[in-house]
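Participant: quick one: sequence and predicted model below, then my questions.
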Amino acid sequence: MSLLSLALPAFWLYWTAARLVLHQLLRRFRPGCPSKAVFPLQNGNVAIVTGGTKGIGYHTVKHLARLGMHVIIAGNKKDDGRETAMKIKEEILNAKVEFLYCDLASMKSIHQFVQAFKAKNCPLHVLINNAAVMLVPERKTEDGFEEHFAVNYIGHFLLTNLLLETLKQSGTHSHNARIITLSSATHYVGELHLNDLHSSCLYSPHGAYAQSKLALVLFSYRLQHLLTEEGGHVTINVVDPGVVNTDLYQHVCWAVKAVKRITGWLLLKKPEEGASTSIYAAVSPELEGVGGCYLYNEQRTKSADVSYDEELQKRLWTESCRLVGIPDLVP
């Protein structure tokens with residue numbers, strides 16, 4: 001393991017983040033920035049949001065509840081989840097928010113969550129794959145997966161596939177069910193190592209994080225292709241929330257923590273700003289029936305060139321199906 005091999009992923013990740021922060025800062029002070037969008041009421045439609053107890057996820061849940069959605073928070077901290085649901089219901093009259101336990105680092109827990117959700121016999125109109133970990137030390141989950149790969153990517157891959165039939169049954173010609181996957185600008189510098197998805201040969205937390213975010217884009221494009229071929233009423237889009245001032249930075253180096261603590265209020269987006277594109281993707285009439293997009297600041301933009309590699313999309317999909325033990329077909 002060379003020092004350069006570890007340093008390069010960190011350099012490219014921080015370089016990408018710095019460029020995005022500069023873009024955000026310039027946009028903030030640009031005259032004539034668009035005002036907050038107003039979205040239609042959702043009339044009791046059902047949404048699941050992973051990692052909805054804090055940060056971007058919390059503000060996504062809160063806004064969807066305010067629009068009249070029945071929102072289910074999927075998270076791995078029971079006390080936080082129940083307190084969050086109670087807090088939102090206290091703030092918003094007639095809000096329908098509940099918590100169901102789901103640990104994305106555990107395939108067993110994901111299966112149990114899906115069973116608990118299906119026992120409710122309710123439809124599912126929106127699935128937001130929001131939860132993530134970032135720059136964690138090298139460690140494996142109970143299933144033997146590297147943690148970034150497990151939580152950020154493979155857990156959402158399995159969850160989406162297990163809920164896909166319910167989404168298909170809930171979508172209609174005039175109102176498609178929607179899947180929203182949160183990636184990040186770090187996917188532009190990510191490399192997919194299909195022969196070492198768990199980063200066992202050379203572990204870099206920066207490289208592992210960027211790989212997991214690239215994998216999410218590849219997966220989303222592949223699933224949209226399969227859904228289009230099938231002709232159903234489900235779409236999937238990818239959201240880039242930008243660089244947001246959340247608790248996700250607990251594992252960054254001390255220098256970055258210091259800069260964030262001093263200038264985060266100015267340089268980074270607030271969590272509610274970071275949630276805006278997720279909300280847009282979930283409920284905007286402009287995206288009705290539209291899938292396979294990469295969205296940043298509520299606009300369609302181009303993702304990394306490698307993310308459009310259809311052969312790579314197929315290979316990742318096939319390997320992911322093998323790892324989670326589901327057929328290599330859309331259910």
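Facilitator: Now that the structure is in, tell me what you want to look at. Numbering: from 1, shown residues only.

Participant: is residue 311 part of a helix or strand, or is it coil?
Facilitator: Residue 311 falls in the helix class when you classify it by DSSP: H, G, I helix; E, B strand; the rest coil.

Participant: quick one, helices of this structure?
Facilitator: Assigned by DSSP state H, the chain shows helices spanning 3-28, 55-66, 78-91, 107-118, 147-148, 155-170, 205-230, 254-267, 271-274, 276-283, 310-324.

Participant: now the shortest one, how far from the chain's geometric center?
Facilitator: Here the centre of mass of C-alpha atoms in helix 147-148, compared against the chain's by CA atoms, centre = their mean, to the nearest Å, lies 14 Å away.

Participant: and the contacts of that helix?
Facilitator: 105, 133-134, 136, 139-141, 199, 205, 208-209, 211-212 (CB atoms under 8 Å, 6 or more residues apart in numbering). Where you see a C-beta, it was placed from the backbone N, CA and C, and this is true even at glycine.

Participant: how about the second one?
Facilitator: With contacts defined as CB under 8 Å, 6+ apart, helix 55-66 is touched by 42, 47, 49-52, 71, 73, 84, 88, 91-92, 95-97, 126, 128, 130-131, 182, 241, 244, 246-248, 271-272, 274-275, 278-279, 282-283.

Participant: point out the least confident one among the contacts of helix 147-148.
Facilitator: For the contacts of helix 147-148, the minimum pLDDT belongs to residue 199; the value there is 84.

Participant: show me where pLDDT drops low in the chain?
Facilitator: 1-6, 31-35, 254, 259, 265, 329-331 (pLDDT under 70).

Participant: so which of the helices of the chain is nearest residue 289?
Facilitator: helix 205-230 (10.5 Å; CB to CB).

Participant: pretty sure residue 252 is touching residue 206, no?
Facilitator: No - with contact defined as CB atoms under 8 Å, residue 252 does not reach residue 206; the gap is 9.7 Å.

Participant: who's more crowded, the two?
Facilitator: Ranked by neighbour count (other CB atoms under 10 Å), residue 252 and residue 206 place residue 206 first, with 23 against 20.

Participant: my guess is the more buried one contacts residue 13. True?
Facilitator: Yes - under the criterion of CB under 8 Å, residue 206 makes contact with residue 13 at 4.4 Å.
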